[in-house]
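Compute the structure for the input listed below.
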Amino acid sequence: MVKRSAEALSPDSPARLDDGGKLDPMAYRVYIINCMAACQATLAVRPAAAGWAHRIAGDINGQLESLVEQEAGRLLVRAALAEVLERLRLYQASSGVAGAAATALPAADPALSLPVLAEALRKFFVAISSPDALPEFAAIQSPRLRGAAVARVAGSLVAAYEQVYGLLSDPAAGYAEQGGSSSVKHTPAQVRTILGVI
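So this is what the prediction gives:
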């Protein structure tokens, strides 16, 4: 029943009566999380329903993870780091393939040159430096779940920054001759501090 009700919040649902153009794409997931959290809280106080409460808690965690992935992805796109991360994943995948050229260094790719990566990391730092950079998830009713969602988004953003910054520090990537991570002004520790990740 919750899923049928939540379907009306999905912008591409055939059950929609309006145009759906003004809805936040996260509304569907937030609605599901709120409904499941209410059910789980009711069942958690009943010893006979402990199994169901545990199962619903796992489902809530899955929905929360999907919400976090969507929001972190949206922030990475806005901060111009998503494309860089995707190119890095492609390089990592191609280096794992048998018979791949061992000479293909990320630093040799113009789309992953040191100036491009340094500029992407700078734009990312500027984007997260804004006071409203992280979503507040105010629509999530449970303070515990809301805090967990914000913390997970911040953790995902820090991990993305550390991945690119770590590549610049890796001698095997080919950036060391060009200056490596010294050409980037902000360290991962500074990003952790701004995002409040300990």
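
got the contact list for the spatially most distant residue from the centre of the chain?
Distance from the C-alpha centroid of the chain peaks at Ala48, with 36.7 Å (Cα atoms, centre = their mean). Counting by Cβ atoms under 8 Å, 6 or more residues apart in numbering, Ala48 makes contact with nothing. C-beta: built from backbone N, CA, C; applies to glycine.

Distance of Leu114 relative to Glu65?
Leu114 is 34 Å from Glu65, where distance means Cβ to Cβ, to the nearest Å.

I misspoke; the intended subject was Thr193.
From Thr193 to Glu65 the distance is 25 Å (Cβ to Cβ).

next one: His186
28 Å.

Strands of this structure, start to end?
With DSSP state E, there are no strands along the chain.

can you count the residues close to Ala72?
Residues lying near Ala72 (other Cβ atoms under 10 Å) number 21.

That one and Arg78, how far apart?
From Ala72 across to Arg78, the span is 11 Å (Cβ to Cβ).

what's the nearest residue to the residue nearest the centre of the chain if we skip its chain neighbours?
By Cα atoms, centre = their mean, the chain has its centre lying nearest to Ala72, at 2.7 Å. In space, Ala72 comes closest to Ser156 once its chain neighbours are excluded; the distance is 3.9 Å by Cβ to Cβ, 6 or more residues apart in numbering.

and if you look at Ile56?
Per Cβ to Cβ, 6+ apart, closest to Ile56 is Gln40, 4.2 Å.

And Leu85, by the same measure?
Nearest to Leu85 is Ala160, by Cβ to Cβ, 6+ apart, at 5.8 Å.

isn't Arg29 right next to Glu65, touching?
No: using Cβ atoms under 8 Å as the test, Arg29 is too far from Glu65 to be in contact (10.0 Å).
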